[in-house]
Structure formats: C-alpha cells, structure tokens
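Student: Below are the sequence and a predicted model; questions follow.
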Amino acid sequence: MSRAVTIQTNFTTGEVDPLLKSRIDINQYYNALDQARNVLIQPQGGIERRPGLQFIFELPSAANPQNGIKLIPFEFSTTQSYMLLFVHNRMYIFKNKELVTNINSSGNDYLTTTIGSTVLATMDHTQSADTLILVQEDMAPKKIVRGGSHSTWTISDLSFEFIPKFNFTASETTINQTITPSAVDGNITITAGGNVFSSGNVNQYIEANDGIGRARITRFVSATSVEAIVEIPFFNTSAIASGGTFIDGGYEDSWSSTKGYPRTCTFHEGRLYFGGVKSRPNTIFASRVARFFDFNPGEALDDDSLELTISTDSTNAITGMFSGRDLQIFTKGGEFFLPQSTLDPITPTNVVVNGATRRGSQEGIKPVGAESGTLFIQRAGKSLREFLFSDVELSYISNNISLLSSHLLKSPSDMALRKATSTTDGDLLLLVNSTDGSLATYSILRGQNVIAPTLSTTDGEFLNVGVDVDQIYFVIKRTISSATKYYVECFNDDNTTDSTKLLSGSSKPSSTTVTGLSHLEGKTVRVIADDQMQTNKTVSSGQITLDAVPTTYVEIGLDYTPIIKTLPVELKLSSGNIVAQKKRIVEATVNLYLSQNLTLNDNAFSFVAGDFFTGKKRRKPMLGYDRDGQMTFSQTDPLFFNLLGIEYKVSVGQ
C-alpha cells in the first residue's frame, strides 16, 4: 500500500465522453471531468455554478408558441440592441431584458407579421445598419426596420430593382426577319426588319446562329425595336439575314412565388449575398456593390452583380454563409469559400468558388464566428466543427472540437455565441439539444487551448437561445399546474435560481408577502434573502410568505443541481499506472473563491451564512476503497460557488 498527493489545477477540458474514461495517456485527461452539470468553466481554469435564469415574459397561448419560435438579435447601434422573438404571425421585441410594449402605438405588445410558424426553423437573417433581412425558401424575403424609438418598427417584403434570370424552360424561336445591332458591344438598340418583338421578350436573349453575337433584351420599344446589353460581341453592325438569329427564351426570375425564394443570406464586402434559392439550392447570388437590392448582371463590370453555382459530385444545397476573411459557404455536402486577395475585391470576372472540406452542415443552425474560426454543426448533428484557415494547407480545415465530448450533442436545434466581454473572459457557445431539452455550453478561449464543455438542465426544456451582445435569452418550456407554458428567460449572473423573480431597491417587499409569482404557481421555490437561505415555499395564488422581510433583496426561483464529478484518479507513479488497483481518497483540499455552499460526496463543507469565502477547505477522513477513486461535488442550497482546484491524498492498495 502506498500514498501520494496529487492536484487538479484546472478543469479546462470540461466534461469528457464516457468512451475516454481509460485515456490516461492524453494530457486532457488530467484537466477533465466525468460530469460537469449546471456549471460553467472559466477560461482561467475554475468552475462555478451556472447563472440563474431570470423570468422575463410568458408567451400567450394566442401566439401559438408550440408551433415554432425563433430568436434573432438586432443591433441598431453600439448602445441600442434588441432581441426579436418570432412566433406565428407575431414579433415580440425585448430590450435590456424587458418586453417593449405598445408597438407603433397600436396598444399591442407585438408587431403583426405575415411570417408563419412553418418557416421559422429554417429562417435565416443578416443585418446592415438599421435593416434586418429575413429569408426562407418558402417565404418572400423581408426586411425589418426600427424607426425613431424603441417601439417603432416596420416589416415589409423586399423590393428588388432587378432579380437575376434563369432558363427554367428552354426554348428557341427563329427570327424570320433581318436583325441589325446599333453597335457590336455594350448597351445597344436592335432593330428588326418586321414585327417580331413583344414585351414578353424582356430579359430573354437574341443570339446569332453562328454564335458571334448574343444580347440580353432589357427594354421593349416596339414590335421592331428593343434595347439590349451585349454579352457576346457581334461581328459588325450590318444586318443579319432573316433566319440567322433566334430568341433564346424560357428565362424567369430566379426567385418568385412559383420558383421559391432565397435560402440563406449575408452581407460581404459591400454586397448582399443570397446562398441558394428553392429551385436553385446550390447557386450563389451577389448584388451590385452598395446597391443591395439590385442583382442586375449588367455588363459584368467590377461593381455589377455576380452569380455562380457550386458544381461537384455531391449534394451541395447551401445551408449557411459567413462573412469572414473570405466568404464562407456551408452546404449539406461540404464547405466552400470565395477566395480573394487583400488588394483585389470579388468581381464578376474573377469570382471562383473553392472547395475546402466535405463534412456538410446542419440546416437551420446559423454558423457563428468565434475568434479566428467559424463554428458549425455537422450535418448529422453529432459533432461541432471549427472552420479555420490553415496557413499550411492554404485552405480551410474543419476541426472536430467536440471530439472529447460528443455525448453532449443530442440533435442540436439552435446555437448562439456570446463573445468574450472582458480580457479575463472567453467566448461562450450555447447549443440547445432537441432530444431532451438540455443545454450544452462550451467555454472557449482558443489562444489558451480552452474548449470546456458542460451540460445544463432546468425544470423544463430549453427550446431556443439567442444572444443580444452580452445578454443571453432563452425560450423555456415549463409545466405549471399541469399546463404547458412558454417563458422567455435570461441568464443573470446575479441569480442562482431559474425562472427567478429578483426584488431589490424600490421593488423590495416591505412585508413578508410577495406577489406576482403566478408564473410559478404550485411550484416549490427556493428563497434567498440578503445572501441567506429562507425555508422553501410553495407558490399559491401567485404569492408566498417570507420568513422575514428582506433588508436589501430577495430572490425567488426554481432550484437546479450542479454536479462536478472527477475522473478516476491516475497518479503516474514510477511503478506504473494504478487503473486496476483499489484506491481511496484519504483527504481532499478545495481551493475556493467567493463561495457560499459546496458539498463533497454528499457531505457539506461549513460556511458562515451570508459570507463569501475565499481560501481553502479540507475534508478528512474519507473512507472506503474502490477501483475508481472519484469525487462528486454538489450543493445543498442554490448559492454561489467557484471551485479553482482540488488537492487530494490518495491511498493505493492492490
């Protein structure tokens, strides 16, 4: 029998897949956890109770939230931002965790829209200045504009100056008259020797039989005259003999009510890009420079619109786009990009689409940028990948950053990223799992190789997530008094309970009766007043009775249980590993920061009520041998804790 002292200095690998329980040969094992539930890992290495969920608003049954919900951020300026919540034919607006009311002086707390619930799951968006653009292949593209106040909003269909054409039903009609171009190239007038033209010829083509001359008709003048833009120069301006030309017809708008609409969108380098339309799902369209709603190819000048189709041997319906160092294109079959040099912008004459990787991405989940990479969910919903430019490959690669924690991804249905808000903070990626309504979170600080996943649950299901700069919104499905409710709630770093009502300042109760809790009717709630626990209460008729009147604040909400379980201990002894040997944690010392409550293997550490402890606490003796030597940390009360590291003494037997 031998004894040794070891330390876990950080938890920056997060919770790892059970399949890795024997991987004592990799460095990540020694910074990992067997379970990390309802906690967040800090980029510095510590682990803390996740923020509580502040109750904001109950979606009324008239909004039909059960049929679909979408959260989309809207940043009007650096100081004014909003979270837009879409349900069937309604849009709710939230600012600073409050519902904006009396929209457009209508008396309604929502904006009426024509966006039905069936399109919400795959609706994409992009924003430029004060205009938010929404697209979905079965919905005419729309724009949302904020007016002069927080409650002034408009929504309308996009009005395009020109929609690109495509030959959906090819037809050729011989022109049995002479045709005379006014010039060989550029904008020209074409004159016929007899009546051959009609208004229906606009946006169709006139082409010479020998291929020397092709022009797109832009304007009908008369039965004998049209205006056109030359695509292939004519040989000269002499009349072409009767029967020597034909009208190449069958061209229609690339998107319309009959052909479907754009699938994805983004702004990039002064153009509005559409990625795929329903009838042409693998084609990329870009507007003219600084004229976002004009997709006229014109004469293929540098600032004219452009169009190109991804043609490979696999299905490449476009599922998302991201504007980074290049325009990144995500499809069902792989990942692509439009390369460009530092000095040369993308133009109709130099544009090319390059293939990068063949992973495929999941439709309906918008890729998000994190530091120098772009995060996306692979097509089957089983892995989280980072699309990153490699200076070695001179192309993009798709790293599987969820490899060590793939069990936490359970058919994700929504994803959002809260970017680092300070120099000591990291990015926080949030993924809603549709299988069980859990929330996978990844603390990311790529500069320090920190990718730390955890899993969170609540008394209900996470349905949607959205980030408004640094505020994280959720839609939560809860069961209240046997009825299904849909709540808008937000992470709040000052809360340690869910569906919380926090009363302080002028809202602090002056008596022991607290009302306004109908959203928790029938629920057993935890009560924290002035940093100390009161006894549990059950909400009845929307109210509870406190044990005492609070001095500064009271928090009332639902409890959730954090779990931190270490991996089986491995000491790296000179005599070899101890995987198969019996072992016992003799004593453990935890390093804490501003903590109020913590248990180890169901035994509570002692704390002074109302105080925040920083320092070390020791637990000994600890009895019982087993083959793993694991420790489980949790809490008896919903109070703050921050575990920085664990030092423990291990006794090893045979």
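Tutor: In hand now; what should we look at? Owing to the predicted nature of the structure, the values given are computational and were not obtained by experimental measurement.
Student: does the spatially closest residue to Asp326 that is not a sequence neighbour count as helix, strand or coil?
Tutor: Leaving aside its chain neighbours, Asp326 sits nearest to Phe337 (4.4 Å; criterion: Cβ to Cβ, 6 or more residues apart in numbering). Heads up, the C-betas are built off the backbone N, CA and C, glycines and all. Following DSSP: H, G, I helix; E, B strand; the rest coil, the label given to Phe337 is strand.
Student: and the next element down the chain from the helix or strand bottoming out on mean pLDDT in the chain?
Tutor: Of all the helices and strands that make up the chain, the one with the lowest confidence by mean pLDDT, DSSP states H and E is strand 2-8; it has a mean of 87. With elements assigned by DSSP states H and E, the helix or strand that comes after strand 2-8 is strand 14-15.
Student: helices or strands next to that next one in the packing?
Tutor: Applying 3 or more Cβ pairs under 8 Å, 6 or more residues apart in numbering; DSSP states H and E, one finds that strand 14-15 contacts strand 32-37, strand 450-456.
Student: Against which helices or strands is the helix or strand just after the first one packed?
Tutor: This points to strand 32-37. Downstream of strand 32-37, the first helix or strand assigned by DSSP H and E is strand 39-41. When contacts are defined as 3+ Cβ pairs under 8 Å, 6+ apart, strand 39-41 sits against strand 47-49, strand 439-445, strand 450-456.
Student: Buried deepest among those, which one?
Tutor: When the helices and strands packed on strand 39-41 are scored by mean count of other Cβ atoms under 10 Å, the highest mean neighbour count falls to strand 450-456 (a mean of 26).
Student: which residues touch that one?
Tutor: 11-15, 36-41, 43, 50, 401-402, 404-405, 408, 426, 438-444, 462, 560 (Cβ atoms under 8 Å, 6 or more residues apart in numbering).
Student: now do stretch 262-272
Tutor: Contacts for stretch 262-272 (Cβ under 8 Å, 6+ apart): 122, 124-128, 133, 135-137, 141, 255, 273-278, 281, 285-290, 292-293, 305, 317-323, 327, 340, 345-346.
Student: Buried members of the residues you listed into ChimeraX, please.
Tutor: In ChimeraX, this line selects whichever of these come out buried by 16 or more other Cβ atoms under 10 Å:
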select :122,124,125,126,127,133,135,136,137,141,255,273,274,275,276,277,278,281,285,286,287,288,289,292,293,305,317,318,319,320,321,322,323,327,340,346
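Student: mind listing which of the contacts of stretch 262-272 are in helices?
Tutor: Using DSSP state H, no member of those falls in helices.
Student: Pull out the buried residues from the longest strand along the chain.
Tutor: Determined from DSSP state E, the single longest strand within the chain is strand 583-595. Buried residues in strand 583-595, counting neighbours by 16+ other Cβ under 10 Å, are found at 583-586, 588-593, 595.
Student: Same check on stretch 13-24?
Tutor: By 16+ other Cβ under 10 Å, the buried positions in stretch 13-24 come out as 13-17, 20, 24.
Student: Show the low-confidence segments of the stretch 51-200 of the chain, by residue range.
Tutor: The model of the stretch 51-200 of the chain has no residue with pLDDT under 70.
Student: Strands of that one, residue ranges please.
Tutor: 52-58, 70-75, 81-87, 90-95, 98-99, 111-112, 124-128, 131-136, 139-146, 153-157, 165-175, 179-181, 187-192 (DSSP state E, counting those that start in this stretch).
Student: Just put those in TSV and tack on distance to Val469.
Tutor: As requested, the strands of the stretch 51-200 of the chain are exported to TSV (distance: least, Cβ to Cβ, whole Å):
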stretch	distance to Val469
strand 52-58	16
strand 70-75	7
strand 81-87	5
strand 90-95	11
strand 98-99	15
strand 111-112	21
strand 124-128	13
strand 131-136	15
strand 139-146	15
strand 153-157	19
strand 165-175	40
strand 179-181	56
strand 187-192	47
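Student: looking at the ones you listed, which is closest to Arg358?
Tutor: For the strands of the stretch 51-200 of the chain, the distance to Arg358 is smallest for strand 124-128, at 22.3 Å, taking Cβ to Cβ.
Student: Need the contact partners of that closest one.
Tutor: So strand 124-128 is contacted by 72, 74-75, 132-136, 263-267, 272, 292, 320, 366 (Cβ under 8 Å, 6+ apart).
Student: follow-up on the earlier one: minimum distance to Ile556: which of the strands of the stretch 51-200 of the chain has it?
Tutor: strand 52-58 (9.7 Å).
Student: Could you list every helix and strand in contact with that closest one?
Tutor: strand 90-95, strand 98-99, strand 471-480, strand 483-492, strand 498-504, strand 553-558.
Student: Any chance of those strands in a markdown table with distance to Ser105 as columns?
Tutor: Output for the helices and strands packed on strand 52-58, formatted as a markdown table (distance: least, Cβ to Cβ, whole Å):
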| stretch | distance to Ser105 |
| --- | --- |
| strand 90-95 | 14 |
| strand 98-99 | 16 |
| strand 471-480 | 25 |
| strand 483-492 | 23 |
| strand 498-504 | 30 |
| strand 553-558 | 35 |
